[in-house]
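J.: Got a sequence here, can you model it:
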Amino acid sequence: MTASCCQTTETLGESIAAALREKKPVMLASLAERFGVSELEVARALPDEARAFAGKDAFDTVWQALASWENATFIMAHLGSVIEIKGKIPEGRHGHGYFNLSGEGKGTIRNHILRIPAESFTENDADCLPTGTVLSVEGTPFDFRESKEIGRDMDVDCPQLRNGKGYDHNFILDGGDGEKVAAELYSPDTGIAMTVRTTMPGVQFYSGNVLDGPVGKSGVPYETNMGLCLETQYFPNAMSCPHFPSPVLHKGALYAHDTSFTFGCK
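T.: Numbering: from 1, shown residues only. I've put the predicted structure just below:
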């Protein structure tokens, strides 16, 4: 659901400003429920002095700053539950597992053959964050139900591809809650094949759209589309989209998921 479905961004901002003037304690979740929009849309409609956004490129900088704190408190509210976590944030940085089955420095992954058994995927907004809308892959560049070359439809003029400068989307896997195939990948250059299996409900396919020359194995710089990611997961932005499978792990519950990567040759 987007703000345009219920009201314009301007009127949403006015409504939220009026709610804040009531000077009652409010949370993003309660405002989102009240106005029928996502928490992200509420945050974007807050007055300038009440919000700040850091771009995804700032993640490592922000994380390193948080890791320097003595203690941090995270508070999360979801579907009536409030979860509070306190503690020292470990040092680290973001990372992705990239694959290029043609080998290091052997060109892009655009000629790789990919199959993803998914009849639908989650729509992204301009910042590549799922809006909550589920779209069918039928008749779109996102239809990988039958194996096809990754680059075949990557340059199609499509809003979803423009948003991510290529593929950077969550695919809703067929096969229910048990273990199933998430993706099958093959390089015609080497004959190397990879199969990803998982018990997770989704897989993020990222085609390396903004790789800008980080140095990898053997000192090789990796440019656009020279690697891809297939990351099994719960759906991104699930906390703002209650109809998505819930990633919340409640006290006393057991977290148990499996993902495997199997390699072979054709």
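J.: Gly151 contacts Ile113, correct?
T.: No: counting by Cβ atoms under 8 Å, Gly151 does not reach Ile113; the two are 10.5 Å apart. Backbone N, C-alpha and C define where each C-beta goes, glycine included.
J.: Comparing those two, which residue is more hemmed in?
T.: More neighbours surround Ile113 than the other of Gly151 and Ile113, with 18 against 15 (other Cβ atoms under 10 Å).
J.: Run a quick check on that one versus Asp189, I expect a contact.
T.: No: with contact defined as Cβ under 8 Å, Ile113 does not reach Asp189; the gap is 10.8 Å.
J.: On the three-state scheme, the most centrally placed residue in the chain is what?
T.: With distances taken as Cα atoms, centre = their mean, Pro236 lies nearest the centre of the chain, 4.4 Å away. With DSSP: H, G, I helix; E, B strand; the rest coil as the basis, Pro236 sits in coil.
J.: Okay, now the unreliable bits of the stretch 101-250 of the chain?
T.: Of all residues in the stretch 101-250 of the chain, none has pLDDT under 70.
J.: ok, now with 90
T.: 104-105, 126-129, 163-164, 175-177, 210-222, 239-242, 248-250 (pLDDT under 90).
J.: which residues in the protein form helices?
T.: 3-6, 9-21, 28-35, 39-45, 59-67, 159-164 (DSSP state H).
J.: what's the average pLDDT for the second one?
T.: Summarised as a single mean, pLDDT over helix 9-21 is 82.
J.: what distance separates that helix from the centre of its chain?
T.: Helix 9-21 sits 29 Å away from the centroid of its parent chain (Cα atoms, centre = their mean, to the nearest Å).
J.: the inter-axis angle of it versus helix 28-35?
T.: 120 degrees (axes from the mean of the first three to the mean of the last three Cα atoms, to 10 degrees).
J.: which other helices and strands contact helix 9-21?
T.: helix 3-6, helix 28-35, helix 39-45 (3 or more Cβ pairs under 8 Å, 6 or more residues apart in numbering; DSSP states H and E).
J.: who touches stretch 133-144?
T.: By Cβ atoms under 8 Å, 6 or more residues apart in numbering, the residues outside stretch 133-144 that reach it are 1-2, 114-116, 118-123, 145, 153-154, 156, 158, 160-161, 167, 169, 171-172, 205.
J.: Of the residues you listed, select the buried ones using a ChimeraX command.
T.: Paste this into ChimeraX to select the buried members of these, with burial taken from 16 or more other Cβ atoms under 10 Å:
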select :1,114,115,116,118,120,121,122,123,153,154,160,161,167,169,171,172,205
